[in-house]
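Participant: Let me see the structure of the following:
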Amino acid sequence: QYTALDYTGDLEDPNGDVEGSSLLDDAWIQALETPSEPAVQTSSAERSKASRKNPRMQMFAYLSQPIVEVQVIGLVFLSCFLQAINTLDDLPSGVHRSIDAIDDICVFIFAVEFFLRWWSAGRFQLKYLGKPLAAIDAIVVILPLFLSGLLPV
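Facilitator: Numbering: from 1, shown residues only. The predicted structure is shown next:
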């Protein structure tokens, strides 16, 4: 009955309604108490076709992998480190330009990751942005895009 978990822990039903994370426990209990049906052998082509049916769920599953989240966190640390280094006045102007270019690339990657999470967790529903982590992400991603001129005003 429930089809997705977004990264803040809320459940989404097939109609697109997002409900509180307390339903997670109920969903797990129901899944554990429901007797499972006998396994049906399916070919790899059928499994592949079934997994291609919902690209939104595939993207959510990909972005929820620990390795992807660790890479994003590493990129955040890299961006913070480069911004700290960029405050040094003794660096040549070429280094400052290089750091700015790398920072622009980081902001672009953060923006793509944010919009993919927003799409995969809630099909761009505005109520998704009301969640604390999503709101912080929106501010951190969209504000630099406006300030750098990459996103038109």
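
Participant: which residues touch Ala138?
Facilitator: Ala138 makes contact with 114, 129 under the criterion CB atoms under 8 Å, 6 or more residues apart in numbering. Using the backbone N, CA and C atoms, a C-beta is placed for each residue, glycine as well.

Participant: Any stretches of the protein with poor pLDDT?
Facilitator: Counting by pLDDT under 70, the chain shows low-confidence ranges at 1-52, 150-153.

Participant: can you tell me which helix in it is longest?
Facilitator: helix 93-122 (DSSP state H).

Participant: Give the next helix or strand downstream of it.
Facilitator: Counting by DSSP states H and E, the element after helix 93-122 in chain order, helix or strand, is helix 132-148.

Participant: Give me the buried positions along that next one.
Facilitator: Across helix 132-148, burial judged by 16 or more other CB atoms under 10 Å covers 134, 137-138, 141-142, 144-145.

Participant: In CSV, list the C-alpha atoms belonging to it.
Facilitator: C-alpha atoms of helix 132-148 as CSV (Å, rounded to 0.1, in the frame of the first residue of the first chain):
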residue,chain,number,x,y,z
PRO,A,132,13.3,20.7,7.8
LEU,A,133,16.1,18.9,5.9
ALA,A,134,14.5,19.6,2.5
ALA,A,135,14.0,23.3,3.4
ILE,A,136,17.7,23.6,4.4
ASP,A,137,18.7,21.9,1.2
ALA,A,138,16.5,24.2,-0.8
ILE,A,139,18.1,27.3,0.8
VAL,A,140,21.6,26.0,0.5
VAL,A,141,21.2,24.9,-3.2
ILE,A,142,18.9,27.6,-4.7
LEU,A,143,20.5,30.7,-3.0
PRO,A,144,24.0,30.1,-4.4
LEU,A,145,22.5,29.5,-7.8
PHE,A,146,20.7,32.9,-7.7
LEU,A,147,23.7,34.7,-6.4
SER,A,148,26.1,33.2,-8.9
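
Participant: re the thing from before, what is the longest helix of the chain packed up against?
Facilitator: helix 55-63, helix 66-86, helix 132-148 (3 or more CB pairs under 8 Å, 6 or more residues apart in numbering; DSSP states H and E).

Participant: Many thanks, I have nothing further to ask.
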